[in-house]
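1. Kindly return the folded structure for what I paste below:
(5 chains)
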Amino acid sequence: MNSSGLSLLSAHLPVAAAADGLLERLPLTLRDTFVQWFPAPTQWLLHHLISIVGILAIFGLFFAFTTVAERKLLGRLQNRLGPNRAGVPKFSFLPFHLKHKLFGLTQPFADAVKALTKEDIVPAAADKLLHFLAPVLVVAFSLLTFAVLPFGRNLIPVELDAALLYFFAAGSATELTIFMAGWASRNKYSLLSAMRALAQVISYELPLLLSVIPVVLVAGTLSTQEIVVAQGFWTFGLLPHWFIFTPWGAAGFLLFLVAALAESNRSPFDLPEAESELIAGHLTEYSGFKYALFFMAEYFGLTALSGLGVTLFLGGWQAPCAFLQFIPSYLWFMGKLVGMIVFFIWVRGTLLRLRIDQLTRLSWQFLVPLALINLGNAAFWALTGAWSGPLQIVRWAVSAALIVVPFVLMGRSLTRGQAPRTYRYAT
Amino acid sequence: MSLSASSLWLIPALPLLAAALTATLPRSRAGLAAAIAIGALALSFLLSCGALVTALAAPGEHLYSNFIWFDLGLGTVRLGWLLDPLTALMCTMVTFVGTLIFIFSSAYMHDDDRAKQFFCFLSLFAAAMLGLLVANSLLLLFICWELVGLASYLLIGFWFHKPSVAAAAKKAFITTRIGDIGFLLGLLWLNDATGSLLFYDGGKGVLETGALSALAAQTTFGGLAVSTAIGLLLFCGAIGKSGQFPLHVWLPDAMEGPTPVSALIHAATMVAAGVFLIARIFPLMEADKLLAAVPVHALSVVATIGAITALLGAFIAIAQNDLKRILAFSTVSQLGYMMLALGVGAPSAAIFHLLTHAFFKALLFLGAGSVIHAAHHEQDIRQLGGLSAKMKLTFATFAIGTMALVGVPLFFSGFWSKEAILHAAHGWQVSHFPFYAALLGVVLTAFYNTRLISEVFFGHGRSRSANHAHENSSVMTTPLVILAFFAIALGFLGAPAYPWIPAKLSGEAAVHGHSLFDGVGLMALSVVLVALGVGAGFALYGRKTRTSSTARDPLEQALPRVFAALAARLGFDELYTATVGRLNAALATFSDLLDRWVFDAVIRFLTRLGQFAGIVNRETDEDLLNGGFDATSQSLRSTGQAYSRAQSGDAHGYLRVIAAGFVLLLLAVLLGGVR
Amino acid sequence: MSLSPLQLCLLFSSALFCVGLIGALARSNTILVLLGVELMLNAANINFIAFWRYGPAPSPATGVLFVIFAIAVAAAEAAVGLALVIAVYRHRRSIQLQDANSLKG
Amino acid sequence: MITLTFIALVTLAAAAVAMSQRNLIHSALLLVASWAGIAGFYLWAGAEFVAFAQILVYVGAVSMVVLFAVLLTRRSHAELAIAPASVKRILAAIVAGGAVLGALFGAVLSTPLASAAAPPPAISVKALGAQLLGRHTASVLLIAVLLTVALLGAVVIASTNSKEDAP
Amino acid sequence: MLGSGIIKGLAVTAKNFVGSYHDPARMVTEQYPEERPKLPEAYRNFPFLVTENATDPMGTLRCVACQICEKECPPQCIYIEKSKDKKPDATGKPQLYPAVFAIDTSVCMSCQICVEVCPFDAIKMDQVFEVAATNRFTGLLLNREQLAKPNSYFHQIHPTDAHEVDTRLAAERKAAEEKAKAAAAAKAAAAAAKPATPAPATATPAAPKPAAQPPTPPTA
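-> A predicted model of the protein is given here:
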């Protein structure tokens, strides 16, 4: 079995960092301790299994709590309470009953039970096999993308040379499942919605990739771990050298955010499955646990894209200040991930859904040209890496101008002829 | 600041660029067009000042820069730029007056929706005029001369939707063309005789001694020296352009154009082109000076024509009622003075008068424009009146212009320039006719100008428009003030006390000519004459101003028949219609008949012949050639059909054949052991 | 008889090539014919990789580069081919390959 | 070897079934599986960049184009199940394909291939990029032009701007 | 500039988020089972039968089983059976009473016609809204006992209405008592005058004839 490029959970990273503390190595230590109990020939398998199970468990739970956090946050953003009822059920075998409702945090488990126990309705004319395969594959593909995210200094499931390419390859496979879902339903509206969803996802893949390429250009590698390492410097030990704190990086991050929103069908780009208009689009014919799987895959996709954004622009698992490195790197990663997701939820609670023409116009007339300009900007940045002293100021100014001026001009052309909307009956 | 001759082309190039730019602007950007035109000309003015500095540093010298325009195989056509005080002074004057007039126009044409084109034409005109001034080649001068004519045609006919305007533009163009035929003939003759058209070319130019003496030495028909003949032919062009008798008829009609055009073209610059031309080729004109055996000297003709024109214009001006026509005839008259001065051999006096005249006549025209603009395009002096109170600034400047024109002594430029001419005429030995004509002209000028002032500014308004007139904006009055200043100040440049112009122009020492007291008697005489004219005018018009617009003119009451004849401009137009016009019509009829009956018949015969040949050709072709080709094509087609069966249109079939071929090839390789 | 890995790869690629060939020959649907051709192209790519992996490589990247270029060309071919299919379908209302025969002799 | 055999069998099976399916969509999806299998082969052979490129291009892009083309060239659901080709053509195809297969197998098995048990050539993505933009810049540019032209051509061919083309 | 609107919108929602934790005025949600909605007095839903006394509901029903409501009910969801005997009402007068009084609330449409036609103010609108049952056929068929609610409850839910009804009933009773007293006095006088002759009309004024009078609308 040849696995030259696949080194698993490598603890031998070229990271010239502070000596890993106990906490930093805790996950590895735990795993190694566990694996020691088993006979040697099975240890490699356990290595893999533990990684897989760990991702499944952590991100499964993460998904569960993301849903409840999303609902609670959306409620708060709209002056509502959000779910706060689901507490602990009364178990007869326990001598006591915890009456606290735990702020509704057990809601996802209730939802899971509900989804699992719901009737699984398959349309009579549906392509049964594909109808079944679609939700399974979508979860599988979206989980695959987690394999190359560096969760911590020593925590990366698979360290690949072409990790970013892998990420997008695995991500592009999910498009197929959208089509499968729409087609297998034997419902012309599902099919049409699937095509719409595909059109959106495919057309936003371009700005997404183009927003990522500057990072590859400057970091000079496709490996996610190395990209993170490339951001692990600080000025005066306080100002992190994350890519978001450069002009091209800030622009790339913004583009990445918008494209990621569209790519993961999140509001305000959630028109493929706009519940209020399309009754969930290509998922119309899905119910029960299959629907929950799609739901899950969507959140996995969102989490993965957020993780990628954190990795590429927000310094990955790097601490924001040098002296804060005593906190384990995976905690930093998770913190940033949570921040990204909260931001996505915040956006969802704020912005209105776009029309399809606005969506495509935004992509082709704004994001793609801006991303191309930003690519040139990053090239400038990479070429002027040797500039120092006062030239450094020039470098920053030119780079900032290179992105701000096109942004303002193209923004103006994009919104030309559009007055702020006025409402008759609202203020 | 100075400018060399080789970069002199910048002066005309800037307005040309402005013309090109404004031509491409959209019609709505009139303001921008005006700004471009004004800016370009102002820049030209600055360059001209530089050129002036250069030229004044070397008085009497002719700096030039020649270049090859194109190669003709046998010889080259060369053009060039010439920088001497004459050019520099004229350029400075044209650009300065032009800039002021452009500024004036931007207000005057503000409401016209074709104002952008107007500025395009104006810039074109300025470019052509400046090109004419800086030319060191008669050919280049002629090209610019014709361009000036074109621009003038476009500008006169700017409001072409009015039939009278279109007719006036046509008249101006055709009349000047008549003179230009002479110019062209003279030019060709000159080229034939000397082999060059460059003015100065290091001894080989036509205005240099070698060529001149050669020209003067030859004689042609009637015993005329060649130089005389060529000079007179070239003078024809000047007659047409400068509105000299007998081709003066177009100039008054050209007043149909917008007033700034009248000011720029028909007072200050274009009409002066004729004078400039004669001044430029003055060496050629006076080449026959020393020949005694010739029937006529070129300059004598010039002087006579000038004198006649001066008198004629002044006379006709007396009886005109249109404000601008009066000024136009006054221009004709003054141009006559300049020609007279040239004729009597005083080019410096002529140029001095040209300069002062440019300023005060531009001032008068712009003043007239101001009046007309204020009075809602009322030009009839009988309808105006009483404007002195309403338009104080315009009146003041107009009065300064008038006094300069009349030659009110001492303080006005016109006095000094006219005095120079009178002095020169007095000193001319050939004939005293020009001198007396000039003296009479002085009286007449004073008279009709007094009439003009009285009718327009004194008394009370005789129409609604005159009563409602009010002072114009500062954009229009500021040029007036500036011009008025120069109308006074310029006098001191050439005043006898400081004979600056002649000195600089000819390069001779300042001791030459008369001093202040040299011609004091003549001066006194002219003062008396001016007083006489003004007094007569005041007696007739000033004492008792006109009461109504329909009242008969006092002069008309006194001398009705003379007045009527003068008012009809002595019948020149009618005369030309009756003679030239009829001849032209007869010739046209003859040409028509010739074309219709002779040429047409020949052409028809040729057509028939061609048709017949075609028919013969076709018959041969179809029967003989096509048969053979058809047979060949048929056989080719059947071969192709046979081959095309293989093209079954079945892609699978092709693929199968490929697969079979592949297998065969592979088998051949494997079994045949080919490595 | 034992096969070397290289031979196995080559057999794999030849089999895939023939599957594509049979598909292209047997099916009348133009899209499927195109897909068969794609399979044949992929089979060729497999050979490149196989020889890159086991063959005497003059340059360590040649096979990989070949495949990368071949994939790009194949993508272009697929796009144009399918666009052609759609255009033909618009004219003839059919995607049967044998119906697109108006150029036959 | 086992892995390779497994990958080859899966890929071949997917391709063969795809080619014999009556349902076009199933054919296309099975082909996607086959392409994924080929990507697996590349991964097995150690060419991970190519493997991911294969997935990105074939599974992500070409499959989409194929599916869109399938859906755009049908009038009803029933038409997806295309009529079986004539038996004659199938036979001819199998004969031709079999002949080619036989010839190829024969060629492969009869050739003494020097299968060196050399270590797998390692090539990093960075080295690959350097090669692509170093020695092979011209090829990359050509491919870029080709892709652009193909994209534009595909758009032009497939667009319905002229009235004549409209169904 | 592009994006300023988005930032403004994000600021608005962020303010909402922060405000929702310390500004109770923003939160309009009621935690329902724990926090009961405060119903407006005019809220009416489903009829109930008024009893005078909470301790003996069946004994003090105002209803006299006149069956007007049953006849008037548009969806015909009221079912009444008259009693065979009579019981004294609040004024002590013997009256019929409903032996069966049932309303099918799954049919009732809360139109309030029964209330309006009742001459005895015996049926009034309730404010219940949590009506749910596990039995589709009988769960919502309310019988006499379930329908009966004391007058004090009526006061509690519709105070204005109840007060008006009570005042009117008290006035009517007072009038009736006074009339009875006057009649008794007259009778006594008459008896004093002609003790031997019993007046045939004495019974009539003592008992007011409700049917003869136009019924007063309870809310008038």
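
2. Next, count neighbours for E:Val64.
-> By other Cβ atoms under 10 Å in any protein chain shown, the residues close to E:Val64 number 21. Every residue, glycine included, has its C-beta placed from N, CA and C.

3. Give me the below-cutoff pLDDT ranges for chain E.
-> For chain E, the stretches with pLDDT under 70 are E:90-91, E:194-220.

4. can you pull out the helices in it?
-> Per DSSP state H, chain E carries helices over the ranges E:4-22, E:68-72, E:113-117, E:144-147, E:151-157, E:159-193, E:203-206.

5. And the pLDDT at residue 151?
-> Reading this off chain A. On the pLDDT scale, A:Phe151 is placed at 87.

6. switch to chain D, that's the one I care about
-> At D:Leu151, pLDDT is 87.

7. burial of it, as a residue count?
-> Per other Cβ under 10 Å, the neighbour tally for D:Leu151 reads 15.

8. Leaving out sequence neighbours, find the closest residue to it.
-> In space, and not counting its chain neighbours, D:Leu151 is closest to C:Ala79: 6.5 Å by Cβ to Cβ, 6 or more residues apart in numbering or on different chains.

9. what about that neighbour, neighbour count?
-> Look at C:Ala79: counted by other Cβ under 10 Å, it has 22 neighbours.

10. on that earlier part again, can you redo the helices of chain E as JSON lines with distance to B:Val271 and mean neighbour count?
-> As requested, those are exported to JSON lines (distance: least, Cβ to Cβ, whole Å; neighbours: other Cβ atoms under 10 Å in any protein chain shown):
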{"stretch": "helix E:4-22", "distance to B:Val271": "65", "mean neighbour count": "14"}
{"stretch": "helix E:68-72", "distance to B:Val271": "114", "mean neighbour count": "17"}
{"stretch": "helix E:113-117", "distance to B:Val271": "110", "mean neighbour count": "18"}
{"stretch": "helix E:144-147", "distance to B:Val271": "119", "mean neighbour count": "17"}
{"stretch": "helix E:151-157", "distance to B:Val271": "110", "mean neighbour count": "17"}
{"stretch": "helix E:159-193", "distance to B:Val271": "107", "mean neighbour count": "14"}
{"stretch": "helix E:203-206", "distance to B:Val271": "134", "mean neighbour count": "13"}
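
11. can you put those in TSV and add distance to chain C?
-> What follows is the helices of chain E, written out as TSV (distance: least, Cβ to the nearest Cβ, whole Å):
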stretch	distance to chain C
helix E:4-22	36
helix E:68-72	70
helix E:113-117	67
helix E:144-147	71
helix E:151-157	72
helix E:159-193	75
helix E:203-206	99
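
12. Can I get those helices in a markdown table including distance to A:Ile345?
-> Shown next, in a markdown table, are the helices of chain E (distance: least, Cβ to Cβ, whole Å):
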| stretch | distance to A:Ile345 |
| --- | --- |
| helix E:4-22 | 10 |
| helix E:68-72 | 56 |
| helix E:113-117 | 51 |
| helix E:144-147 | 48 |
| helix E:151-157 | 44 |
| helix E:159-193 | 47 |
| helix E:203-206 | 79 |
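
13. Chain B is nearest to which of those?
-> Counting by Cβ to the nearest Cβ, chain B lies closest to helix E:4-22 out of the helices of chain E; the figure is 34.0 Å.

14. Do I have it right that B:Ala420 meets B:Leu355?
-> No. Between B:Ala420 and B:Leu355 there is no contact under Cβ atoms under 8 Å: 11.5 Å.

15. neighbour count winner among the two?
-> Set B:Ala420 next to B:Leu355 and count neighbours by other Cβ under 10 Å: B:Ala420 wins out with 27 against 24.

16. Who are the contact partners of the residue nearest the centre of chain D?
-> Among the residues of chain D, the one closest to the centroid is D:Trp35, at 5.9 Å (Cα atoms, centre = their mean). Contact analysis of D:Trp35 by Cβ atoms under 8 Å, 6 or more residues apart in numbering or on different chains lists C:Asn42, D:Gln54, D:Ile55, D:Tyr58, D:Val59, D:Val62, D:Ser63.
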